[in-house]
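Visitor: Quick one, what's the 3D model for this:
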Amino acid sequence: MEKKNIERLRKQIDKIDEDILKLLNKRAQIAMKIGDIKSKDALYFWDPQREKEIFDRLVELNQGPFPHQTLFNIYHEIIAATRQLQQPASVTFLGPEATFSHMAAVKQFGKTAHFSHAPTIKDVFLEVDKGRCNYGVVPVENSVEGIVAYTLDMFFQSELKVCSEVYIRISHFLASATGEKEKIERIYAHPQAEAQCRNFLKSNFPQIPIYEVRSSAEAAMKAQKEKNAAAITTELAIEHYKLKFVDQYIEDFANNTTRFWVIGQQLPPSTGADKTSILFSTPDVPGALYQALKPFAERQINLTKLESRPMKNLPWHYLFFVDLDGHYTDERVKTALEDLKHQCAYFKLLGSYPKAKC
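Guide: I've put the predicted structure just below:
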């Protein structure tokens, strides 16, 4: 009797799946028509504001049992796949595969985008600059280690803009081909990953040698090929190289998060919940920084980050990197930036983009 009930319920699921498939394809056809209009009118294909409206509306309509985050994940993939039908996107990231940069790229663009990896941050910029890829994904800041200076330095050489930001929680895993802790004779790790797991390694593997590699993905690859080797690596790399977990979440700081930037040729339109990033330098006179920041205080614009960077071509002179709330087209932000430009020896708008959730 119970078996018959299961079969009856499964047939209902099959029918629902058929309806969902038809509706997904119908949705895709309508989206492709929108894509044709955008193409003819030279409109921006990636519309963060529209995506936000879709997600907010679905959350409001959702009565369960699907949790909101699960619903978001499903529709994120649907929207990403539909965007690929409108205009196939090519995305390059700081490689190799299965790194945190790869994870950030997948989180932003979904699994259906065409991905490639580049060996350095400079190469990511070059791939997008030369039009070989639509977008690039690079790390810009870690909550423990601080700013990624080379990413900021690249904006002096490039006119690319920041189109979006992505936050990835940095969780480290110990894995090997067998998953057996007692068989580990050596551990491969990227220097930063090793540093972030120092207490775990000291407590659990005080006598085991640690070998430095260029990435967490390379560590996983070596653990796959070498007997009695383990790797400090990512969950994606463990899946990619078919390793087994030895231990999970071995990082010393639970709130370790890296912020990534998506770089491209165009700035996205305002969504109403945006962030703007700028670089500027001031004249070497008393009160110059105070005067530079005054336009934001007067307009009650919140500065969420302020950090100085040495100028490589001028010793003992500094650039200031600022994140602020708002879009560069917002009237308050627009006038504040205009006032700032008059105070600066150098000014560059890096981008205005939708705020991401940490």
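
Visitor: going forward, measure contacts between C-alpha atoms and count neighbours the same way
Guide: Fine.

Visitor: Okay, helices next: where are they in the protein?
Guide: For the chain, applying DSSP state H gives helices covering 2-40, 48-61, 68-86, 100-109, 121-129, 149-154, 191-196, 198-204, 216-225, 235-240, 288-298, 331-343.

Visitor: Tell me how many other residues crowd residue 323.
Guide: 19 (other Cα atoms under 10 Å).

Visitor: quick one on the thing from earlier: same list (the helices of the chain) but as JSON lines, adding mean pLDDT.
Guide: Listed next are those as JSON lines, based on pLDDT from 0 to 100:
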{"stretch": "helix 2-40", "mean pLDDT": "90"}
{"stretch": "helix 48-61", "mean pLDDT": "86"}
{"stretch": "helix 68-86", "mean pLDDT": "86"}
{"stretch": "helix 100-109", "mean pLDDT": "91"}
{"stretch": "helix 121-129", "mean pLDDT": "96"}
{"stretch": "helix 149-154", "mean pLDDT": "90"}
{"stretch": "helix 191-196", "mean pLDDT": "89"}
{"stretch": "helix 198-204", "mean pLDDT": "95"}
{"stretch": "helix 216-225", "mean pLDDT": "94"}
{"stretch": "helix 235-240", "mean pLDDT": "92"}
{"stretch": "helix 288-298", "mean pLDDT": "94"}
{"stretch": "helix 331-343", "mean pLDDT": "95"}
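
Visitor: Ok, which of those helices comes nearest residue 255?
Guide: The closest of the helices of the chain to residue 255 is helix 191-196. By Cα to Cα, the value is 11.4 Å.

Visitor: that older thread, what would the helices of the chain look like in TSV with mean neighbour count and distance to residue 278?
Guide: Output for those, formatted as TSV (neighbours: other Cα atoms under 10 Å; distance: least, Cα to Cα, whole Å):
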stretch	mean neighbour count	distance to residue 278
helix 2-40	12	29
helix 48-61	14	21
helix 68-86	17	29
helix 100-109	23	22
helix 121-129	20	18
helix 149-154	15	10
helix 191-196	18	27
helix 198-204	13	35
helix 216-225	24	31
helix 235-240	20	33
helix 288-298	15	12
helix 331-343	17	9
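
Visitor: so which of these gets nearest residue 271?
Guide: Using Cα to Cα, the nearest of the helices of the chain to residue 271 is helix 48-61, at 4.6 Å.

Visitor: What helices and strands are in contact with the closest one?
Guide: Packing contacts for helix 48-61, counted by 3 or more Cα pairs under 8 Å, 6 or more residues apart in numbering; DSSP states H and E, involve helix 68-86.

Visitor: Only C-alpha atoms, please: export the helix it packs on in CSV.
Guide: C-alpha atoms of helix 68-86 as CSV (Å, rounded to 0.1, in the frame of the first residue of the first chain):
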residue,chain,number,x,y,z
HIS,A,68,14.6,32.0,0.9
GLN,A,69,18.3,31.3,0.3
THR,A,70,17.5,28.0,-1.5
LEU,A,71,15.0,29.9,-3.7
PHE,A,72,17.7,32.6,-4.4
ASN,A,73,20.2,29.9,-5.4
ILE,A,74,17.8,28.2,-7.8
TYR,A,75,16.7,31.5,-9.5
HIS,A,76,20.3,32.7,-9.6
GLU,A,77,21.2,29.8,-11.8
ILE,A,78,18.0,30.3,-13.9
ILE,A,79,18.8,34.0,-14.5
ALA,A,80,22.5,33.3,-15.2
ALA,A,81,21.6,30.6,-17.7
THR,A,82,19.0,32.9,-19.4
ARG,A,83,21.6,35.7,-19.6
GLN,A,84,23.8,33.3,-21.4
LEU,A,85,21.1,32.7,-24.0
GLN,A,86,20.7,36.5,-24.4
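
Visitor: about what we covered before: what about the helices of the chain, which gets the closest to residue 318?
Guide: Smallest distance to residue 318 across the helices of the chain (Cα to Cα): 10.9 Å, for helix 288-298.

Visitor: Which segments of the chain make up each domain?
Guide: Under the assignment automatic domain parsing, the domains of the chain span 2-86, 90-170+257-263, 173-247, 268-354.

Visitor: from what I can see residue 209 touches residue 189, true?
Guide: No - counting by Cα atoms under 8 Å, residue 209 does not reach residue 189; the two are 10.5 Å apart.

Visitor: Counting neighbours, go ahead and name the busier of those two.
Guide: Higher neighbour count among residue 209 and residue 189: residue 189, with 26 against 12, using other Cα under 10 Å.

Visitor: who's in contact with that one?
Guide: 210-213, 215-216, 219, 231-233 (Cα atoms under 8 Å, 6 or more residues apart in numbering).

Visitor: Got a ChimeraX select line for the buried ones in the residues you listed?
Guide: One line in ChimeraX is enough to select the buried ones among these; burial here means 16 or more other Cα atoms under 10 Å:
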select :210,212,213,215,216,219,231,232,233
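
Visitor: Mind checking which of the contacts of residue 189 are in strands?
Guide: Per DSSP state E, strands hold the following members of the contacts of residue 189: 210-212, 231-233.

Visitor: which among the residues you listed gets closest to residue 293?
Guide: Among the ones in strands among the contacts of residue 189, residue 233 lies closest to residue 293 (Cα to Cα), at 41.6 Å.

Visitor: Not counting sequence-adjacent ones, nearest residue to the closest one?
Guide: residue 216 (4.6 Å; Cα to Cα, 6 or more residues apart in numbering).
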